[in-house]
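Engineer: would you be able to build a 3D model of this:
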Amino acid sequence: MTQLVILDRDGVINRDSDDYVKSLDEFLPYPQAIEAIARLSQAGWTVAVATNQSGIARGYFDVATLEAMHAKMQELVNAAGGEIVYTAYCPHGPDDGCCCRKPLPGLLERTRDALGLETLEGSWMVGDSLRDLQAGDAVGCQSALVRTGKGRRTELKGTGLDDAFIFDDLAAFTDWLLGHKAAS
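Structural biologist: Next up is the predicted model:
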């Protein structure tokens, strides 16, 4: 069985912004997140990313800019000894009526299909917002909320987090997951 961790991007891997991450200069990865992804990969976990990117629909940046950010993310992870095997993104706005924008499960279903998996049950969805966790819940993922990005705000609201594990950041989640799996 594939051990899969699906990560939201903004607020989990890199600094988030209420004004959107619109350029390569604004894409500022958390160093501990890059290292955590590498550690997950080295421990045999498959790592994927599922991210809403409505800034495309809003005209704040284009697909080429998004792809440059994702290439940079992959380059940093590879340099640290890890791999992101698949990145799914939703370019739509909240009123576009798509099936991929989280909290809908479309991005996670696309990830499942791209990786040739039958199910995502037993996989992890790590995010900083309730919509990330809801998307994971819809396909049977276990949920982890990180306090980086919008995570602390999400935690303070307290709704919808009953089954979620909560960690300070992706590194803390990784420490726990790798220690927890080693002990079991």
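Engineer: the helix or strand containing Asp113: which residues count as buried?
Structural biologist: Assigned by DSSP states H and E, Asp113 belongs to helix 106-114. By neighbour count on 16 or more other CB atoms under 10 Å, the buried set for helix 106-114 is 106-112. Glycine gets a C-beta too; all of them are placed from N, C-alpha and C.
Engineer: now the longest helix seen in the chain: average pLDDT?
Structural biologist: Criterion DSSP state H: the longest helix present in the chain is helix 63-79. Helix 63-79 shows a mean pLDDT of 98.
Engineer: got the contact list for it?
Structural biologist: Here helix 63-79 makes contact (CB atoms under 8 Å, 6 or more residues apart in numbering) with 9, 13-14, 21-24, 27, 29, 34, 37-38, 41, 47, 49, 53, 56, 83-84, 87, 89, 91.
Engineer: report all helices and strands that the helix or strand bottoming out on mean pLDDT in the chain contacts.
Structural biologist: Here the helix or strand of the chain ranked lowest by mean pLDDT, DSSP states H and E is helix 170-183, holding a mean of 87. Judged by 3 or more CB pairs under 8 Å, 6 or more residues apart in numbering; DSSP states H and E, helix 170-183 is in contact with helix 31-42, strand 124-127, strand 142-146, strand 165-167.
Engineer: and the third one, which strands flank it?
Structural biologist: Strand 142-146 sits in its sheet next to strand 124-127 (parallel), strand 165-167 (parallel), going by DSSP bridges.
Engineer: of the ones you listed, which stretch is the most buried?
Structural biologist: Burial of the strands paired with strand 142-146 is given as mean neighbour count (mean count of other CB atoms under 10 Å); strand 124-127 ranks first at a mean of 28.
Engineer: returning to what we had before: which among the contacts of helix 63-79 end up buried?
Structural biologist: Taking 16+ other CB under 10 Å as the criterion, what is buried in those is 9, 13-14, 21-22, 27, 29, 34, 37-38, 41, 47, 49, 53, 56, 83-84, 87, 89, 91.
Engineer: quick one: mean pLDDT for the lengthiest strand in the chain?
Structural biologist: Criterion DSSP state E: the longest strand present in the chain is strand 46-52. For strand 46-52, mean pLDDT rounds to 98.
Engineer: for Leu120, which non-adjacent residue is closest in space?
Structural biologist: Val139 (4.4 Å; CB to CB, 6 or more residues apart in numbering).
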